[in-house]
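1. Predicted model and sequence below, questions to follow.
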Amino acid sequence: MNSADSVPQLPARLAGLVSRLPQWPPSAVLCAGLNLLFLPTLDPDTKQRLLGRIVSIQVSDAGLDGRIRLTSFGFLPATQRAPEVTIRACAWDYYRLARRIEDPDTLFFSRRLSIDGDTELGLLVKNALDAIDWSHLGGRLGPVIERLRRLAETRGASNKPHF
């Protein structure tokens, strides 16, 4: 069994429903989250280097492809152009990255996180995301994420490959 087999996956019914969404809604949600949590943490040099670049964040087990670009107004959906870099992982691994339970390099070398396309841009995004202190995440989203974490760990402990 490889490491991906033991990673909790989204339930098939939920993944099937979510994967049918047009690209714009998940991209818009991703942009809203990035504008709220990520944009204020970016230094001016990183903002300048990201300006106008198209990044695809794919959630492999949900079939989601959120395409974004940084503009002078903040992050906006970029659904009409091909991405310059694609970052791909399952929802569980993105959660573990955000909560700093897992290191991006570990996921990359275990083939659970992939970066395709412009390597320099991918490393810029990875390093910028890695610099965020996600521990302050709270409010209404905090309890939801904690519930998902407990559910996933319970399912993972019983060797069921679903969230």
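-> That came through fine. Numbering: from 1, shown residues only.

2. Mind pulling up the pLDDT for the closest residue to R20 other than its chain neighbours?
-> Spatially, and ignoring its direct neighbours in sequence, R20 is nearest to G63 (8.0 Å; C-beta to C-beta, 6 or more residues apart in numbering). For every residue, glycine as well, the C-beta is placed using N, CA and C. What the model reports as pLDDT for G63 is 86.

3. before we move on, what about A15?
-> 75.

4. any idea which residue sits dead centre in this structure?
-> To find the centre residue of the chain, average its C-alpha atoms and take the closest one (C-alpha atoms, centre = their mean): that gives Y94, at 4.9 Å.

5. got any ranges where the protein has weak pLDDT?
-> For the chain, residues meeting the criterion pLDDT under 70 lie at 1-5, 132-163.

6. Kindly recompute the last result at 80.
-> For the chain, applying pLDDT under 80 flags the ranges 1-19, 21-22, 37, 98-100, 129-163.

7. Do a quick rundown of the strands in it.
-> Listed from the start of the chain, the chain has strands (DSSP state E) covering 54-59, 64-71, 74-77, 85-89, 114-117.

8. Any chance of a markdown table for these, columns mean neighbour count and distance to V18?
-> As requested, the strands of the chain are arranged in a markdown table below (neighbours: other C-beta atoms under 10 Å; distance: least, C-beta to C-beta, whole Å):
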| stretch | mean neighbour count | distance to V18 |
| --- | --- | --- |
| strand 54-59 | 22 | 8 |
| strand 64-71 | 22 | 6 |
| strand 74-77 | 18 | 16 |
| strand 85-89 | 21 | 15 |
| strand 114-117 | 15 | 20 |
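
9. any chance of those strands in TSV, plus distance to A131?
-> Supplementary listing: these in TSV, determined by distance: least, C-beta to C-beta, whole Å:
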stretch	distance to A131
strand 54-59	16
strand 64-71	16
strand 74-77	17
strand 85-89	16
strand 114-117	17
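
10. nearest to D105, of those?
-> When the strands of the chain are compared for distance to D105 using C-beta to C-beta, the nearest one is strand 114-117, at 11.1 Å.

11. That closest one - contacts with which helices or strands?
-> Judged by 3 or more C-beta pairs under 8 Å, 6 or more residues apart in numbering; DSSP states H and E, strand 114-117 is in contact with strand 85-89, helix 119-130.

12. who does that strand pair up with?
-> Sheet pairing here is set by DSSP bridges, and for strand 114-117 it gives strand 85-89 (antiparallel).
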